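Undergrad: Here is a sequence with its predicted model. Questions after.
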Amino acid sequence: MIYFDASYLVRLYYNDRGYEEVRHLASTDSLACAQHGQAEVIAAFHRKYREGSLTLTAYQSVLQQFTEDIHADAFRWLPLSPTILDRIRLDFDERTGFLIDQTPYAIDETGYSVTRGAREVWEIKNSPISMPHPMHVHGFGFRVLRRQGTFGAARKFATEPGGRFPTDLGIKDTVLAWPNETLWLALDFTLPRDAAFGGPQRYMFHCHNLEHEDAMMMRNITVL
């Protein structure tokens with residue numbers, strides 16, 4: 001299963017930039033989206049109609065097709081809950097330096113506990129008084145769904161839907177969080193069906209700035 005945000009679902013029906021790649025990706029697996037994605041897709045269609053990108057006939061057509069696909073269970077809709085949406089804060093403390101969720105790293109901590117095979121959406125917000133942090137996840141890829149509050153000088157790079165940069169597209173293991181910026185990531189915690197991956201598995205989530213990493217700006221991810 002592949003997690004699509006609303007901007008990717010829109011590309012299944014409208015030829016926005018990158019639609020060919022999105023449709024090819026959609027043909028490779030089943031699709032999932034957060035429950036609120038239905039409203040976001042419909043709102044996006046209506047916005048294109050208001051702006052003149054869609055005629056009334058075309059708007060009604062894509063809306064009907066989307067509704068029929070929903071009724072045909074073309075998508076799996078994931079409810080927003082603590083297991084789907086984790087909120088993570090990148091902080092700065094004058095005494096302890098850079099932290100994740102105001103928590104100093106402990107090598108034996110559980111950290112973020114996730115279920116094996118879960119597909120989660122993480123919201124990561126960087127402090128307005130912090131620095132840019134290239135955040136890296138060990139062992140798992142993710143998709144950047146959206147950016148918000150991007151630092152002024154970097155906004156010119158946000159040329160993709162959802163305020164994303166071109167470098168945000170595709171499967172990533174590292175993403176740059178600017179000060180005061182909020183990111184939404186879709187993570188897939190699937191592990192190989194192999195005895196070596198039996199039992200709880202521990203991975204790491206950390207800033208890839210070496211100075212910050214050495215100062216223990218990291219947390220564990222425990223897959224159960």
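TA: Looks like it came in fine.

Undergrad: how close does the residue nearest the centre of the chain sit to residue 164?
TA: When CA atoms, centre = their mean is applied to the chain, the residue found nearest the centroid is residue 185 (1.7 Å). In this view, residue 185 and residue 164 are 11 Å apart by CB to CB, to the nearest Å. C-beta here means a position set from N, CA and C on the backbone, and glycine is covered the same way.

Undergrad: can you list residues touching both of these two?
TA: residue 144 (CB atoms under 8 Å, 6 or more residues apart in numbering).

Undergrad: Now do the lowest-mean-pLDDT helix or strand in the chain: which elements does it pack against?
TA: Sorted by mean pLDDT, DSSP states H and E, the helices and strands of the chain end with strand 2-3, the least confident at a mean of 74. Packing partners of strand 2-3 (3 or more CB pairs under 8 Å, 6 or more residues apart in numbering; DSSP states H and E): strand 31-34.

Undergrad: Give me the sheet partners of the strand it packs on and which way each runs.
TA: Strand partners for strand 31-34, identified by DSSP bridges, are recorded as strand 2-3 (parallel), strand 75-78 (parallel).

Undergrad: Deepest in the core, which of those strands is it.
TA: strand 2-3 (a mean of 19; mean count of other CB atoms under 10 Å).

Undergrad: and it, how far from the chain's centre?
TA: 10 Å (CA atoms, centre = their mean, to the nearest Å).

Undergrad: Give the next helix or strand downstream of that strand.
TA: Note on strand 2-3: by DSSP states H and E, the next helix or strand toward the C-terminus is helix 6-11.

Undergrad: any idea of the mean pLDDT in that next one?
TA: Here helix 6-11 scores 90 as its mean pLDDT.

Undergrad: Now tell me what touches the helix or strand following it from outside.
TA: Per DSSP H and E, the first helix or strand lying C-terminal to helix 6-11 is helix 19-26. For helix 19-26, the surrounding residues in contact (CB under 8 Å, 6+ apart) are 2, 4, 8, 11-12.

Undergrad: Which pair of those residues spans the longest distance?
TA: 2 and 11 (13.2 Å; CB to CB).

Undergrad: Excluding its own residues, what touches the least confident helix or strand of the chain? List them.
TA: With CB under 8 Å, 6+ apart, strand 2-3 has contacts from 25-26, 28-33, 78, 119, 121, 143, 186, 188.

Undergrad: And for stretch 64-73?
TA: With CB under 8 Å, 6+ apart, stretch 64-73 has contacts from 9, 13, 38, 41-42, 45, 75.

Undergrad: can you list these in TSV and add distance to residue 69?
TA: Shown next, in TSV, are those (distance: CB to CB, whole Å):
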residue	distance to residue 69
9	9
13	9
38	11
41	10
42	12
45	13
75	7
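
Undergrad: ok, which pair from these is furthest apart?
TA: 45 and 75 (15.3 Å).

Undergrad: Nice, that's everything, thank you.
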